[in-house]
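**Student:** sequence and predicted structure, then a few things I'm wondering about:
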Amino acid sequence: MILSSSLIGVKAGTGKRVETSIMLSKILKRQICADCRCCCSFKKDNVSLFPVFSEDKVPADYFDGRFDADDTAKEVACPFLDRKNGCSLDEQEKPFECRIWPLHVMQKGNDRVITLSPSCPVFHGEVTEALKTFLIDDRMGNYIFCHADMHPEIVKDYIEGYQIIMNG
Ligand code: SF4
Ligand code: SF4
């Protein structure tokens, strides 16, 4: 079942600013992500998911020449990933995309959608009741779409295999 933001019945963006990572931490403990770090390394075929940083923090050509044409499994880590301690940024410094993982905002044709990463070991691609509550009852789906409207640079092109869980 694909959720719809219209189910919420509240116009996106009318609520107060909500701290998504705090809300999401109710269903995904930060320590799990700190240990996993799966979202902080990128392969050639999903490097488009690298979060948006200002040019002075991460230059646009950061990944140029870092992948191996013969090794599609090669992963390149975010420059802020400390191998020992995880992300070296404070929570408030992290890009929005990092604060909603394993969710992504993607554009599929004319549709703007929220997708679930297929590789997250917590959800295994399953839309749990807790995730539905987060998106619908807590109105975070609307908030995420609203943020994407204001910051379209965070919207990624749809990648096959990412489960669409909510339509905008
Ligand atoms: S900013 Fe932090 S959380 Fe985001 S990809 Fe980089 S290391 Fe991971
Ligand atoms: S794959 Fe899941 S558990 Fe791992 S860092 Fe990403 S959101 Fe966290």
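**Tutor:** Great, that's in hand. Ligands and ions are numbered 1, 2, ... in the order given.

**Student:** remind me, longest helix of the protein?
**Tutor:** helix 140-150 (DSSP state H).

**Student:** that helix: which residues count as buried?
**Tutor:** For helix 140-150, a neighbour-count test (16 or more other CB atoms under 10 Å) marks 140-148 as buried. Placement of C-beta: from N, CA and C, glycine included.

**Student:** please state the offset of stretch 92-111 from the chain centre?
**Tutor:** 4 Å (CA atoms, centre = their mean, to the nearest Å).

**Student:** what residues does it touch?
**Tutor:** 20-21, 24, 28, 33, 39, 49, 51-53, 87, 91, 112-117, 119-120, 122-123, 144-145, 147-148, 151, 154-159, 162, 164-165, 167-168 (CB atoms under 8 Å, 6 or more residues apart in numbering).

**Student:** same deal with stretch 44-56?
**Tutor:** Against stretch 44-56 from outside (CB under 8 Å, 6+ apart): 42, 62-63, 67, 72, 74, 76, 78, 94-98, 104, 151, 153-154, 156-157, 159.

**Student:** any of those residues buried? List them.
**Tutor:** 42, 67, 76, 78, 95-98, 104, 154, 156, 159.

**Student:** of those residues, which are in range of ligand 1?
**Tutor:** Restricting those to those near ligand 1 by CB under 6 Å from any ligand atom leaves 78, 98.

**Student:** now, among the buried ones among the contacts of stretch 44-56, which is nearest to residue 3?
**Tutor:** Proximity of these to residue 3 (CB to CB) peaks at residue 104, which lies at 14.7 Å.

**Student:** what about that closest one, which SS state?
**Tutor:** strand (DSSP: H, G, I helix; E, B strand; the rest coil).

**Student:** could we number from 23 for the rest of this?
**Tutor:** From this message on, residue numbering opens at 23, which makes the last subject residue 126.

**Student:** okay, and the beta partners of it?
**Tutor:** Taking DSSP bridges, one obtains residue 137 as the residues bridged to residue 126.

**Student:** before we move on, the earlier item: which members of the buried ones among the contacts of stretch 66-78 are the farthest-apart pair?
**Tutor:** Among the buried ones among the contacts of stretch 66-78, 89 and 118 lie farthest apart (CB to CB), at 25.0 Å.

**Student:** quick check, pLDDT for residue 44.
**Tutor:** Looking at residue 44, its pLDDT reads 69.

**Student:** what's the answer for residue 179, then?
**Tutor:** pLDDT at residue 179 comes out at 97.

**Student:** quick revisit: which secondary structure elements does the longest helix of the chain contact?
**Tutor:** On a contact count with 3 or more CB pairs under 8 Å, 6 or more residues apart in numbering; DSSP states H and E, helix 162-172 meets helix 42-46, strand 125-130, strand 133-138.
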